[in-house]
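>>> Need a 3D model of the following:
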Amino acid sequence: MLEPYLFSLQLELKQELQQKQVSEKLREIFNQHKYTLSEQAEIQPINSKEWKILDGKREYVIKEGNEQLNIYKQYIDPNDSEIAKRLNITQPGKYALRVR
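The predicted model follows:
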């Protein structure tokens, strides 16, 4: 499974993750990084230092690192327009990477 790094969060948000809360603050931080969490998004613990955010077809993994929480995309859905734009996917099942 491909897990591209997206961005990091402050370690202080760990308490919200442990309480399985998708707060407005967490939604706002995701939004600042151009990722949207719906009202149906939920947090599931993986272990004491990892959590999964499930939001429809989108899944994010949060891993505690050195003094921060790192956010990763769990998998790439070819119909996910955010990832498709970044990878220049023009047709599902056909992938082309643009080299700059």
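
>>> mind checking the SS state of Thr36?
In three-state terms, and counting by DSSP: H, G, I helix; E, B strand; the rest coil, Thr36 is coil.

>>> And for the one 4 residues further on?
Gln40 carries the three-state label coil when classified by three-state DSSP.

>>> For stretch 16-28, which residues meet the burial criterion?
Neighbour-count burial for stretch 16-28 flags Glu16, Leu17, Val22, Leu26, Arg27 (criterion: 16 or more other Cβ atoms under 10 Å). Yep, even glycine has a C-beta here, placed from its N, CA and C like the rest.

>>> Could you give the number of residues near the closest residue to the third one other than its chain neighbours?
Across the structure, with Cβ to Cβ, 6 or more residues apart in numbering as the measure, the residue nearest Val22 apart from its sequence neighbours is Ala41 (4.7 Å). Residues lying near Ala41 (other Cβ atoms under 10 Å) number 17.

>>> Tell me the secondary structure at Cys26.
Not Cys; residue 26 is Leu. Under three-state DSSP, the three-state class of Leu26 is helix.

>>> Would you check how far apart it and Trp51 are?
Using Cβ to Cβ, to the nearest Å, Leu26 is found at 11 Å from Trp51.

>>> now Asn66
Taking Cβ to Cβ as the measure, Asn66 falls 17 Å from Trp51.

>>> With Glu39 instead?
18 Å.

>>> Can you tell me the closest non-neighbouring residue to the residue most central in space within the chain?
Taking Cα atoms, centre = their mean as the criterion, Tyr60 is the residue nearest the geometric centre of the chain, at 3.3 Å. Leaving aside its chain neighbours, Tyr60 sits nearest to Ile53 (4.3 Å; criterion: Cβ to Cβ, 6+ apart).

>>> Neighbouring strands of the host helix or strand of the one you found in the sheet, and parallel or not?
Assigned by DSSP states H and E, Ile53 falls within strand 50-55. Applying DSSP bridges, strand 50-55 is found paired with strand 42-47 (antiparallel), strand 58-64 (antiparallel).
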